[in-house]
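Colleague: Task: produce atomic coordinates for the following.
(chains A and B)
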There are 2 protein chains.
Amino acid sequence: MTSELDQSAALLARTPAALDALLRDLPEAWTQSNEGENTWSAAGVVAHLIHCERADWIPRLRRILESGETRAFDPFDRFGSQRESREKSLARLLDEFARLRAANLEELRRLNLSAEDLGRRGLHPSLGTVTLSQLLATWAAHDLTHLHQISRVMAHQYREAVGPWSQYLGVLRCDGHSSP
Amino acid sequence: MTSELDQSAALLARTPAALDALLRDLPEAWTQSNEGENTWSAAGVVAHLIHCERADWIPRLRRILESGETRAFDPFDRFGSQRESREKSLARLLDEFARLRAANLEELRRLNLSAEDLGRRGLHPSLGTVTLSQLLATWAAHDLTHLHQISRVMAHQYREAVGPWSQYLGVLRCDGHSSP
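Modeller: Numbering: from 1, shown residues only, chains lettered A, B, ... in the order given. Next comes the predicted model:
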């Protein structure tokens, strides 16, 4: 693998354990609370990450390798995961995310992508031409955007409890640009 | 402990392991890079969290219990940690944060705070009157503000690599309201 790919894979491999360490067995006041109507809880975000492992990253990567720009990615339903999050326990969601991520990283290794492969182009239904390299970087950055969201959603639960300290806590001024 | 205290302690107990799972042995391109001059890397944030464990939370909690509003908290140097972050490896910083946090949570348990204690008042040098309850909530929310910051600082390293996907990644639009 190239160093670019190594760097992304190193982060992708750690996210499930990081979320597990943060969220497993944490009181539901932290994990099941959201920022208001039509927003996601921390558990809802984990359900979304599972949905992406199934329907987004590897299927799109394969589409680029198989069809290049001749066939666009299938559209992705960003809200397709929210029923699942209501029906499964957070512990089960965390297990499932870890299992799917490990399998997808194994699949990524098996593909043994070359520097040339990273430059291959695909067609995003809204964004137009993208490269395989951009897709891999987005997979990693997407973990970070949702870690950013989870920390914001959880902090939101303490916006009153911190009293006057709220002005020092930047996360409480984050305006939800990474909401679903 | 009250349920309010339990909720905060549950999060406080998990943060070191979550940061360890995310950051240990991750390539330095993720952990040592910042957002530009006078901003912090992920490693720098861990150094700041260590500094707070030593100089902020428990000392201020004791000050409230001992002196109430008659003696303000000592001022806290938010930048006092950054030399330490340059001199110690990230692995060592993560070990130190975990050790100090565990010791501080043990101290918190020993104090055996009552609901009445949570309402006690102290004097912040800038914010004025605060309660012990607000201080404890801020300790937990402060972990989240820095988890929020770490995810943003790391995502910043991929702002070009993701290409046109940047418009879908909310973390890349976060304007650094939780910078030091």
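
Colleague: Let me know whether A:Phe73 touches A:Arg62 as I believe.
Modeller: No - counting by Cβ atoms under 8 Å, A:Arg62 is not a contact partner of A:Phe73; they are 10.2 Å apart. C-beta coordinates here come from the backbone N, C-alpha and C atoms, glycine included.

Colleague: The two: which is more packed in?
Modeller: More crowded of A:Phe73 and A:Arg62, by other Cβ atoms under 10 Å in any protein chain shown: A:Phe73, with 20 against 13.

Colleague: Can you tell me the closest non-neighbouring residue to the more buried one?
Modeller: A:Arg60 (4.8 Å; Cβ to Cβ, 6 or more residues apart in numbering or on different chains).

Colleague: cool, and A:Thr145?
Modeller: B:Val171 (4.0 Å).

Colleague: residues in contact with the one you found?
Modeller: Applying Cβ atoms under 8 Å, 6 or more residues apart in numbering or on different chains, one finds that B:Val171 lies in contact with A:141, A:144-145, A:148-149, A:177-178, B:151-152, B:155.

Colleague: Give me the secondary structure label for it.
Modeller: helix (DSSP: H, G, I helix; E, B strand; the rest coil).

Colleague: Could you do A:Val130 as well?
Modeller: strand.

Colleague: Distance check, A:Ser81 against B:Ser151.
Modeller: 20 Å (Cβ to Cβ, to the nearest Å).

Colleague: And A:Ser126, by the same measure?
Modeller: A:Ser126 is 25 Å from B:Ser151, by Cβ to Cβ.

Colleague: out of these two, which sits in the busier spot?
Modeller: More neighbours surround B:Ser151 than the other of A:Ser126 and B:Ser151, with 27 against 10 (other Cβ under 10 Å).

Colleague: The helix or strand harbouring that one vs helix A:132-156, what angle?
Modeller: Per DSSP states H and E, B:Ser151 falls inside helix B:132-156. Helix B:132-156 and helix A:132-156 are oriented at 170 degrees to each other (axes from the mean of the first three to the mean of the last three Cα atoms, to 10 degrees).

Colleague: which helices and strands sit right next to helix B:132-156?
Modeller: Judged by 3 or more Cβ pairs under 8 Å, 6 or more residues apart in numbering or on different chains; DSSP states H and E, the packing partners of helix B:132-156 are helix A:132-156, helix B:3-23, helix B:42-55, helix B:57-67, helix B:115-118, strand B:121-124.

Colleague: Could you say which of the ones you listed is packed most deeply?
Modeller: Among these, helix A:132-156 has the highest mean neighbour count (mean count of other Cβ atoms under 10 Å in any protein chain shown), at a mean of 25.

Colleague: the inter-axis angle of that helix versus helix A:42-55?
Modeller: Using the same axes, to 10 degrees, helix A:132-156 lies at 170 degrees relative to helix A:42-55.

Colleague: any idea of the mean pLDDT in helix A:132-156?
Modeller: The average pLDDT within helix A:132-156 is 97.

Colleague: do stretch A:33-50 as well
Modeller: For stretch A:33-50, the mean pLDDT works out to 94.

Colleague: And for that stretch, what's in contact with it?
Modeller: With Cβ under 8 Å, 6+ apart, stretch A:33-50 has contacts from A:15, A:19, A:23, A:30-32, A:78, A:81-82, A:84-85, A:88, A:90, A:93-94, A:96-97, A:100, A:143, A:146, A:149-150, A:152-154, A:156-157, A:176, A:179-180.

Colleague: Would you mind measuring from the closest residue to A:Ala43 other than its chain neighbours to A:Val45?
Modeller: In space, and not counting its chain neighbours, A:Ala43 is closest to A:Leu90: 4.6 Å by Cβ to Cβ, 6+ apart. Distance, A:Leu90 to A:Val45, by Cβ to Cβ: 11 Å.

Colleague: how deep is A:Gln82 tucked in, by neighbour count?
Modeller: Quick note: A:Gln82 (other Cβ under 10 Å) scores 18 neighbours.

Colleague: which residues touch it?
Modeller: Counting by Cβ under 8 Å, 6+ apart, A:Gln82 makes contact with A:40, A:44, A:47-48.

Colleague: if you set the cut-off to 10 Å instead, what comes out?
Modeller: Counting by Cβ atoms under 10 Å, 6 or more residues apart in numbering or on different chains, A:Gln82 makes contact with A:38, A:40-41, A:44, A:47-48, A:51, A:180.

Colleague: which one of these is nearest chain B?
Modeller: A:Pro180 (9.4 Å; Cβ to the nearest Cβ).

Colleague: what residue ranges in chain A are flagged as low confidence?
Modeller: A:1-2, A:84-85, A:176-180 (pLDDT under 70).

Colleague: Now do the shared contacts for A:Phe73 and A:Arg62.
Modeller: Among the neighbours of A:Phe73, those also in contact with A:Arg62 (Cβ under 10 Å, 6+ apart) are A:Gly122.
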